[in-house]
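Enquirer: the sequence and its predicted three-dimensional model are supplied below.
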Amino acid sequence: MADTQKSTATKARRTRRTGKRDPLAITLLKKDHREVAAWFEEYEQLEAESEKLALFNKIALALKVHTQIEEEILYPEERGDVEDDMLDEAYVEHAGAKNLIAEIETMKPSDDFYDAKVKVLGEYIAHHVKEEEQPGGIFAQAKKGDEDLEEMGQRMKARKEQLMAEMAGKRPS
């Protein structure tokens, strides 16, 4: 029992020393980033066309939902706390990703450039994630702003669940 108390006290000190955890809104978005990055890595290892298509559809759904949540909730509410140029670039990057996703969705994994387009989409998303998560980036600026990112996270979580349910039925097969 004493070891447990000591461990908890050590963990509490370590948390205080390194700063508090990310607020829910940022935690949810970072979790999405990690999940999609892992799926892009997994895609690179696949050979079967059916597996590639299934995984790409999973990636596409996740990215569509993620970008919509950012565009509906995070970006507009953080305007004023986050530099306008950064938010403007994020919207443009989202548009580019959506266009590439739409293009890939019209293709089959056996088509020329299918794998290349999925790879470029992954690189594009990795660049976007870096800009959001880097020191001084969108997330860092948002955390310094006035918005309640815990409450925003609750709304984002609910909206994500709603969008996943809506869009899952619309995915191409």
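Expert: That came in fine, so what should we check first?

Enquirer: for the nearest residue to residue 80 once chain neighbours are set aside, grab phi and psi.
Expert: Nearest non-adjacent residue to residue 80, counting by Cβ to Cβ, 6 or more residues apart in numbering: residue 145, 7.6 Å away. Heads up, the C-betas are built off the backbone N, CA and C, glycines and all. Backbone torsions for residue 145, taken as degrees, to the nearest 10, come to phi -80, psi -170.

Enquirer: swap in the one 3 residues further on?
Expert: The phi/psi pair for residue 148 (degrees, to the nearest 10) reads phi -80, psi 100.

Enquirer: cool, residue 135 as well?
Expert: phi -60, psi 130.

Enquirer: what does residue 82 give?
Expert: The phi/psi pair for residue 82 (degrees, to the nearest 10) is phi -110, psi 140.

Enquirer: and if you look at the one 3 residues further on?
Expert: Backbone dihedrals for residue 85, given as degrees, to the nearest 10, come out at phi -60, psi -40.

Enquirer: how near is it to residue 130?
Expert: 16 Å (Cβ to Cβ, to the nearest Å).

Enquirer: now swap in residue 106 and tell me
Expert: 28 Å.

Enquirer: also residue 155?
Expert: Residue 155 is 26 Å from residue 130, by Cβ to Cβ.

Enquirer: run a quick neighbour tally on the closest residue to residue 138 other than its chain neighbours.
Expert: The shortest distance from residue 138 to any non-neighbouring residue, by Cβ to Cβ, 6+ apart, is to residue 132 (4.6 Å). Applying other Cβ atoms under 10 Å, we find 22 residues neighbouring residue 132.

Enquirer: least confident secondary structure element in the chain?
Expert: helix 2-18 (a mean of 42; mean pLDDT, DSSP states H and E).

Enquirer: ok, back up a step: the more surrounded of residue 106 and residue 130?
Expert: residue 130 (11 against 8).

Enquirer: part of a helix, is the more buried one?
Expert: Yes. According to DSSP: H, G, I helix; E, B strand; the rest coil, residue 130 belongs to a helix.

Enquirer: need the contact list for it.
Expert: By Cβ atoms under 8 Å, 6 or more residues apart in numbering, the contact set of residue 130 is residue 137.

Enquirer: how near is it to residue 123?
Expert: Residue 130 is 11 Å from residue 123, by Cβ to Cβ.
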